[in-house]
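Student: what shape does this take:
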Amino acid sequence: MKRKRAVHETKATAEEILSVAAKLFLERGYAATSIREIRRVSRRSGALVYQHFSSKEDIFREFLATLCPPQTWLRLSDLPVEQLAAVFDAARLCVENPKIVERIAELGIALDRRSRLEQ
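Tutor: Purely as a prediction, here's the structure:
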């Protein structure tokens, strides 16, 4: 019985750390979030954080895997963390500024029309 409870507590701790990290990544982005900040906000020791995750990159990849549909994550998972962070930060900007999404859609439509005309 103790073993089951320990495994459950370990999983709950990892999920709590990941939840705190997710909030920080969403608020600040990848580059502006540190392991120290994740530790501080989650009120966990560095040793405990590192027991569950080998690095900030590991936490970030786990977070992204929870956001993406499995097929999408399979395509993205091999990208360097810098590229993943850039895509994530761009997506954050789009969510914060819906006009960006509208403009991207307008440009996409314009480019699509241009390519059809050139054919």
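
Student: strands of the chain, start to end?
Tutor: Assigned by DSSP state E, the strands in the chain number zero.

Student: which stretches of it have low pLDDT?
Tutor: 1-9, 109-119 (pLDDT under 70).

Student: which residues of this structure fall in helices?
Tutor: Using DSSP state H, the helices of the chain run over residues 2-28, 35-42, 46-52, 56-67, 70-76, 81-96, 98-118.

Student: redo these as JSON lines? Include mean neighbour count.
Tutor: Where C-beta positions appear, they are placed from N, C-alpha and C, glycine not excepted. Formatted as JSON lines, the helices of the chain follow (neighbours: other CB atoms under 10 Å):
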{"stretch": "helix 2-28", "mean neighbour count": "14"}
{"stretch": "helix 35-42", "mean neighbour count": "16"}
{"stretch": "helix 46-52", "mean neighbour count": "15"}
{"stretch": "helix 56-67", "mean neighbour count": "17"}
{"stretch": "helix 70-76", "mean neighbour count": "11"}
{"stretch": "helix 81-96", "mean neighbour count": "14"}
{"stretch": "helix 98-118", "mean neighbour count": "10"}
